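Novice: What follows is a predicted structure for the sequence shown.
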Amino acid sequence: MEPAIHKEEHLRSSQLLSDIVIGMSDGLTVPFALAAGLSGAVSNSNIIVIAGIAEIAAGSIAMGLGGYLAGKTEQDHYTSEVKREYYEVDHLRSREIEETKEFFANIGLSEKLQEQATEEIANDKDRWVDFMMKYELGLEKPDPKRATKSALNIGLSYIAGGIIPLSPYFFINNSTDALKISVVATLICLFVFGYFKSKVTGVAAFSGAVRVTLIGAMAAAAAFGVAKFFENH
């Protein structure tokens, strides 16, 4: 019985996590600050709901587009470097052979094994280019659907995060009362989000959660204070 083929999923998981962190952190913070700021200026929750939905729609599109462009840039950069490597293999072969031998020397192979390994790899141009891309340039072939996936992951995460601070305004007509519930719900979500984000990324979980919560709280407090200031002047 042949052993099951093991596929490395670390990179894709890391990219997904990164997308969720980017989308969710902004989704929780920006609409929260907007709703808090408007609550300091208007008493009708309906206005805040309309403004909040508009912001979430615009923010998710903008954030998703940013993720898409980042993914396309990564893919275009990789394609450009592949073309360059093919050119160097075809026209600067001796230099590429020396760079390949240097890699094997750096990992401790003897002179004889360096020659053998380099000759073996150089016999297959495609395999040689893949080798140089990975070990000379440190570039992994990106997922061709990465840009689209990133856009969707970030955009949907932004929407999911933004609905939380806005949700009390759907059910409570007085904006001040809705704000109180929004603050509690959003700060709890920020703390939980910050905790798991820090835990996954290897940062001290509790201090990371507190930091994320404080950032969100300060943004909302600043927006609320600015709105109150201009309301009174």
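Specialist: Perfect, thanks for sending it. Numbering: from 1, shown residues only.

Novice: distance of the residue at the greatest distance from the centre of the chain from residue 103?
Specialist: Relative to the C-alpha centroid of the chain, counting by Cα atoms, centre = their mean, residue 112 is the outermost residue, at 44.7 Å. According to Cβ to Cβ, to the nearest Å, residue 112 stands 16 Å off from residue 103. Backbone N, C-alpha and C define where each C-beta goes, glycine included.

Novice: ditto for residue 211
Specialist: Per Cβ to Cβ, residue 211 is found 41 Å from residue 103.

Novice: One more: residue 15?
Specialist: Per Cβ to Cβ, residue 15 is found 27 Å from residue 103.

Novice: what does residue 218 give?
Specialist: 49 Å.

Novice: if you count what's nearby, which of these two comes out ahead?
Specialist: More neighbours surround residue 103 than the other of residue 218 and residue 103, with 18 against 12 (other Cβ atoms under 10 Å).

Novice: Check the burial of the nearest residue to the more buried one once chain neighbours are set aside by counting its neighbours.
Specialist: Spatial nearest neighbour of residue 103, chain neighbours left out: residue 135 (5.5 Å); criterion: Cβ to Cβ, 6 or more residues apart in numbering. Residues near residue 135, counting by other Cβ under 10 Å, number 15.

Novice: tell me the average confidence for stretch 16-28?
Specialist: For stretch 16-28, mean pLDDT is 84.

Novice: can you pull the buried residues of it?
Specialist: Buried residues in stretch 16-28, defined by neighbour count with 16 or more other Cβ atoms under 10 Å: 19-28.
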